[in-house]
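S.K.: got a sequence here, can you build the structure:
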Amino acid sequence: MALLKFTALLLLALLAISILQISVTASHGRGGHHVGKSPYGPGSLTSYQCPGQCSRRCSKTQYHKPCMFFCQKCCKKCLCVPPGFYGNKAVCPCYNNWKTKEGGPKCP
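M.R.: Residues are numbered from 1 along each chain as shown. Alright, predicted model coming up:
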């Protein structure tokens, strides 16, 4: 009898946990994916995605090492890397507006 009650209680707990997980996943939009959001723009990335996005951004430059250094620095601050290999910085205002001491663009 005690084993039957324990099994029923365990199944009830598992059911409650799965319902809670489903409701949390649904409220965050498919488990954290950006639904209806552009893949670019402020806050569109997490810091662990920066190396891959910067590798794409810097893939066609002859100055790969400095491009990667500054791109990753900018990405970690802005959580955004513009699309394409050059330009398109208006998509990421933080990335676009961060300047050097001399007033030049900080982010590639």
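
S.K.: and the next helix or strand past the longest helix seen in the chain?
M.R.: Secondary structure of the chain per DSSP state H: the longest helix is helix 2-27. Note on helix 2-27: by DSSP states H and E, the next helix or strand toward the C-terminus is helix 50-57.

S.K.: with adjacent residues omitted, what lies nearest to the residue nearest the centre of the chain?
M.R.: Centroid check for the chain by CA atoms, centre = their mean gives L45 as the closest residue, at 2.3 Å. Computed as CB to CB, 6 or more residues apart in numbering, the closest residue to L45 that is not its neighbour in sequence is L79, at 4.9 Å. The way it works is simple: take the backbone N, C-alpha and C, and place the C-beta from them, glycine included.

S.K.: quick one, phi psi at that neighbour?
M.R.: phi 50, psi 40 (degrees, to the nearest 10).

S.K.: isn't it right up against G41?
M.R.: No. L79 lies out of contact with G41 (CB atoms under 8 Å); the separation is 9.5 Å.

S.K.: ok, now which ones touch M1?
M.R.: Not one residue lies near M1 by CB atoms under 8 Å, 6 or more residues apart in numbering.

S.K.: picking up where we left off before, if I look at the residue nearest to L45, how far off is C107?
M.R.: 12 Å (CB to CB, to the nearest Å).

S.K.: for those two, indicate the residue with more neighbours.
M.R.: C107 (25 against 19; other CB atoms under 10 Å).

S.K.: I'm done for today, thanks for sticking with me.
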